[in-house]
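A.B. asks: here are the coordinates; sequence isn't available:
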């Protein structure tokens, strides 16, 4: 379990802090991960987080959809176990749960990211 999911699961955040539910490592399912990654907007978010190699705020990742749809995509990614989300003040920080995904599904994330890059290059979207 990551520190984020441990905090979310145990509710040990600072008093008054908003805590978002995350699946524990052992609760992450391949079906949910593959479903989340099958959407182009969610895959775009994952690619941007992977490229950043650090946490990003939601506002740093621009999607050509409404704010409510963007919120939905982030929720699907969080609930599938692909990303962690934590509040720092008013900012919601997003990071890949790379260690959890690699432990459960070795090579999956890197393979999907490489395939997405090849596709973007092939389609002139890179």
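C.D. replies: The structure has been received and is ready for your questions. From a predicted model like this one, the values you see are computed outputs, not experimental measurements. Residues are numbered from 1 along each chain as shown.

A.B. asks: surely residue 94 is in a strand?
C.D. replies: Yes: secondary structure of residue 94 (DSSP: H, G, I helix; E, B strand; the rest coil): part of a strand.

A.B. asks: near residue 93, how many other residues are there?
C.D. replies: 18 (other CB atoms under 10 Å). C-beta coordinates here come from the backbone N, C-alpha and C atoms, glycine included.

A.B. asks: pLDDT score assigned to it?
C.D. replies: Among the per-residue scores, residue 93 holds a pLDDT of 97.

A.B. asks: residues in a beta bridge with it, which ones?
C.D. replies: Beta-bridge pairing for residue 93 (DSSP bridges): residue 57, residue 86.

A.B. asks: quick check, it in contact with residue 74.
C.D. replies: No: Residue 93 is beyond contact range of residue 74, at 11.2 Å (criterion: CB atoms under 8 Å).

A.B. asks: could you find the closest non-adjacent residue to the residue nearest the centre of the chain?
C.D. replies: The centroid of the chain falls nearest to residue 83 when counting by CA atoms, centre = their mean (2.5 Å). Spatial nearest neighbour of residue 83, excluding adjacent residues (CB to CB, 6 or more residues apart in numbering): residue 77 at 4.5 Å.

A.B. asks: next one: residue 125
C.D. replies: residue 119 (7.8 Å).
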